[in-house]
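Peer 1: pasting a predicted model and its sequence here:
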Amino acid sequence: MMNSVKSTVDVVKTHRLLLLKLLLAIQVGFLGYLLFSSIRDGHYFLAHEDEAINYCSAKVFSETGSVRAEGCIAEEVSRIGQMNWYGPGYAVFYGSLLSIFGDIPTLFIKLHAASALLSLMLIFALPISGEQKLLMATITTFTQTFTAYIFTYFPESFHFLVAIVLIFFLLKVHQETEKRRQRPWEICFVLLVLVAILFRVTYVFWLAALILVSESRSKAWKRAVLFLAVLAVTLLYMKLFTAPPYAGEMQKIDQLYEFNLWQFLWKTIKALLRNTFFLVTSGASGVYFLIGLLITSAFCWWKTRDRFLLASTGVSLVLLAALMAYYSPGPWYFLKQSAILVPLLVVGLVRAEISGKLKYGVLMVTVGWFLASEKNLTVSIAEHRAASDKFQASDDFRLALNQLKDFISGSKPITVLWCYDEYDFGGTTEALLPFSTRDGAPILYTSNVLSADSASEVKFTLHGKLKIDYLLSRQPVSFEYAKEIHQTTYYHLYKVENE
């Protein structure tokens with residue numbers, strides 16, 4: 001019996017590269033099949049409220065060339081540009097592609113599939129050995145980070161691609177010891193981080209990787225100064241060009257701007273401990289997979305003292321700590337924001353001088369996790385297809401919303417106050433609204449995030465932060481400052497005459 005097992009193991013070891021290629025080909029083929037069967041008939045649409053933000057901000061930019069927010073909460077927008085809490089990055093990126101290819105319901109999915117495929121190709125361009133490339137590609141294609149977000153309107157597949165490019169630059173910085181040859185790769189790494197910050201501010205923590213791969217203390221100190229400088233600029237960017245955050249723990253950052261340091265530190269530590277406990281006890285398999293990768297990386301660094309492994313582990317720890325201290329501990333939000341750490345941790349492990357059994361053990365765990373959670377992927381696809389069918393069956397409602405463009409007029413930016421919970425589609429109703437006037441001015445929809453049962457005076461509270469031009473209500477309302485100018489079975493539109 002033991003001889004039979006040993007013989008089988010020897011065969012697997014001998015043909016491991018062939019088996020890796022076969023496993024990778026099967027997974028890519030499976031994902032390709034899912035992609036084709038999901039979008040072949042064009043019946044696919046956003047199914048989550050947060051997906052509407054990316055989609056609608058892209059529509060605003062494609063129709064008007066403006067980075068003004070498509071929507072906001074309680075009239076909260078950025079000080080400069082009236083942008084949402086994501087800043088201008090997504091609006092410009094997706095909006096530009098929307099202008100080129102048109103408003104096709106499946107465009108986002110095709111873009112994310114292309115991003116995933118390009119990421120996979122770039123893995124094979126990384127400056128690591130052939131087996132390491134193949135092992136990394138196989139592991140990552142079975143992770144939720146790679147598979148799940150292809151089929152959504154969330155930008156994680158785009159971020160996965162950015163992460164692979166950053167990893168490429170970081171590996172070159174680590175491997176080139178001659179300053180003249182190292183410097184260009186370091187510049188490329190820093191520039192890409194600066195651009196990526198426009199999409200997601202947590203990219204700033206990737207600069208810590210430069211410190212940790214430094215081969216001398218003097219270079220580490222110089223890179224530490226760079227990191228702190230860019231961190232300060234990032235905080236200023238958030239203050240001016242992103243809207244005040246509505247969810248999570250980020251509100252405490254305002255105390256940092258006010259130099260209330262002790263209160264800021266105390267609330268940060270308290271949130272870090274509370275949210276970490278909540279996350280660890282959440283029972284989410286994706287969270288445990290990421291924690292397992294992190295612990296394995298830390299252990300392997302302790303055994304090898306590999307600087308790149310230190311960098312991948314250190315960046316992950318800092319970014320995760322920031323998420324725990326200033327973001328939501330909910331597993332769904334956490335895994336979305338931390339997804340870019342998976343390829344960084346995986347490449348650190350596969351290239352490290354550690355046991356091959358450990359590396360292939362990570363592969364087996366990843367494949368097992370995918371097989372156990374594959375149903376979640378098919379459920380997500382089914383939800384998006386069902387959302388499309390639901391929207392397609394609401395022709396009268398969509399036509400009624402399209403009529404708004406005939407009554408909301410002006411050549412300057414327009415703001416409409418509404419309550420999306422009044423409508424059957426909830427937050428995704430926003431995707432059906434017009435985002436520009438006949439004159440090409442952007443339309444922003446602000447909400448007070450209340451239930452449809454709330455009193456009209458509460459739902460349509462004016463905060464005085466934006467000039468409200470119109471009210472859009474499911475039921476008739478009566479305000480001295482608002483005059484009804486249009487009504488349908490689905491809504492009443494009011495012109496605000498004297499806010």
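Peer 2: Right, received. Where do you want to start?
Peer 1: how does this protein divide into domains?
Peer 2: 2-40+106-382, 397-496 (automatic domain parsing).
Peer 1: take these and lay them out in TSV including mean pLDDT.
Peer 2: Shown next, in TSV, are the domains of the chain (pLDDT from 0 to 100):
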stretch	mean pLDDT
domain 2-40+106-382	90
domain 397-496	90
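Peer 1: nearest to Ala74, of those domains?
Peer 2: domain 397-496 (5.6 Å; CB to CB). (Glycine included, C-beta is placed from N, CA and C.)
Peer 1: can you give me the end-to-end span of the closest one?
Peer 2: End-to-end span of domain 397-496 (CA to CA, to the nearest Å): 24 Å.
Peer 1: nearest residue to Tyr149 other than its sequence neighbours?
Peer 2: Distance criterion CB to CB, 6 or more residues apart in numbering; nearest residue to Tyr149, sequence neighbours excluded, is Glu156 at 3.7 Å.
Peer 1: quick one, what contacts the one you found?
Peer 2: 145, 148-149, 336, 339-340 (CB atoms under 8 Å, 6 or more residues apart in numbering).
Peer 1: also Pro442?
Peer 2: Contacts of Pro442 (CB under 8 Å, 6+ apart): 60, 63-64, 66, 68, 413-414, 435-436.
Peer 1: from those residues, which is closest to Trp262?
Peer 2: Nearest to Trp262 among the contacts of Pro442, with distances taken as CB to CB, is Arg68, at 37.1 Å.
Peer 1: correct me, but that closest one touches Ile443?
Peer 2: No - in this structure, Arg68 is not within contact of Ile443 by CB atoms under 8 Å, at 9.0 Å.
Peer 1: who touches both of the two?
Peer 2: With CB under 8 Å, 6+ apart as the test, Arg68 and Ile443 both reach 60, 413.
Peer 1: who touches the helix or strand harbouring Ala25?
Peer 2: Using DSSP states H and E, Ala25 sits within helix 16-39. Applying CB under 8 Å, 6+ apart, the contact partners of helix 16-39 are 12, 44, 106, 109-110, 113, 116, 120, 130-131, 134-135, 137-138, 141-142, 147, 150-151, 360, 367, 377-378, 381, 384-385.
Peer 1: hmm, Cys419 and Lys459 touching each other?
Peer 2: Yes - using CB under 8 Å, Lys459 makes contact with Cys419 at a distance of 4.5 Å.
Peer 1: mutual contacts of those two, please.
Peer 2: With CB under 8 Å, 6+ apart as the test, Lys459 and Cys419 both reach 448, 450, 473.
Peer 1: which helices and strands sit right next to the helix or strand containing Ile53?
Peer 2: Here Ile53, judged by DSSP H and E, is contained in helix 49-64. When contacts are defined as 3 or more CB pairs under 8 Å, 6 or more residues apart in numbering; DSSP states H and E, helix 49-64 packs onto strand 71-73, helix 89-101.
Peer 1: now the ones you listed as TSV including mean pLDDT and distance to Leu272?
Peer 2: Converted to TSV, these look like this (pLDDT from 0 to 100; distance: least, CB to CB, whole Å):
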stretch	mean pLDDT	distance to Leu272
strand 71-73	92	25
helix 89-101	95	27
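Peer 1: tell me which stretches of this structure form strands.
Peer 2: Assigned by DSSP state E, the chain shows strands spanning 71-73, 414-418, 443-447, 470-473, 482-487, 492-496.
Peer 1: just want the angle from the third one to strand 414-418.
Peer 2: An angle of 30 degrees separates the directions of strand 443-447 and strand 414-418 when computed by axes from the mean of the first three to the mean of the last three CA atoms, to 10 degrees.
Peer 1: partners of strand 443-447, with directions?
Peer 2: Strand pairing for strand 443-447, determined by DSSP bridges: strand 71-73 (parallel), strand 414-418 (parallel).
Peer 1: got the contact list for it?
Peer 2: Counting by CB under 8 Å, 6+ apart, 60, 68-75, 77, 82, 408, 413-420, 430, 433-437, 466, 468, 472 sit against strand 443-447.
Peer 1: mind redoing it with 7 Å?
Peer 2: Strand 443-447 is contacted from outside by 68-73, 75, 408, 413-420, 430, 433-437, 466, using CB atoms under 7 Å, 6 or more residues apart in numbering.
Peer 1: do the second one as well
Peer 2: The list of residues contacting strand 414-418 from outside it, by CB under 7 Å, 6+ apart, reads 408, 437, 441, 443-447, 460, 466-472.
Peer 1: farthest-separated two in those?
Peer 2: Maximum distance among the contacts of strand 414-418 (CB to CB): 22.3 Å, for Ala441 and Phe460.
Peer 1: the more surrounded of the two?
Peer 2: Each of Ala441 and Phe460 has its neighbours counted (other CB atoms under 10 Å); Phe460 has more, 23 against 19.
Peer 1: Tyr420 touches Gly427, doesn't it?
Peer 2: Yes - taking contacts as CB atoms under 7 Å, Tyr420 lies within contact range of Gly427: 5.2 Å.
Peer 1: more crowded one of those two?
Peer 2: Tyr420 (22 against 19).
Peer 1: which ones are touching that one?
Peer 2: 426-427, 429-430, 447.
Peer 1: let's see it at 8 Å
Peer 2: Taking CB under 8 Å, 6+ apart as the test, what Tyr420 contacts is 426-427, 429-430, 445, 447.
Peer 1: kindly export stretch 118-138 (C-alpha atoms) in PDB.
Peer 2: These are the backbone C-alpha positions of stretch 118-138, laid out as PDB (Å, rounded to 0.1, in the frame of the first residue of the first chain):
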ATOM      1  CA  LEU A 118      -4.400  40.000 -20.000                       C
ATOM      2  CA  SER A 119      -3.500  39.500 -16.300                       C
ATOM      3  CA  LEU A 120      -3.000  35.800 -16.900                       C
ATOM      4  CA  MET A 121      -0.800  36.500 -19.900                       C
ATOM      5  CA  LEU A 122       1.300  39.000 -17.900                       C
ATOM      6  CA  ILE A 123       1.900  36.400 -15.200                       C
ATOM      7  CA  PHE A 124       3.800  34.500 -17.800                       C
ATOM      8  CA  ALA A 125       5.900  37.600 -18.400                       C
ATOM      9  CA  LEU A 126       7.000  37.900 -14.700                       C
ATOM     10  CA  PRO A 127      10.700  37.600 -14.100                       C
ATOM     11  CA  ILE A 128      10.400  34.200 -12.300                       C
ATOM     12  CA  SER A 129      11.000  30.700 -13.400                       C
ATOM     13  CA  GLY A 130       8.700  28.800 -15.700                       C
ATOM     14  CA  GLU A 131       7.300  26.500 -13.100                       C
ATOM     15  CA  GLN A 132       6.800  29.400 -10.700                       C
ATOM     16  CA  LYS A 133       4.800  31.200 -13.500                       C
ATOM     17  CA  LEU A 134       2.700  28.200 -14.200                       C
ATOM     18  CA  LEU A 135       2.000  27.600 -10.500                       C
ATOM     19  CA  MET A 136       1.100  31.200  -9.800                       C
ATOM     20  CA  ALA A 137      -1.200  31.300 -12.900                       C
ATOM     21  CA  THR A 138      -3.000  28.100 -11.800                       C
END
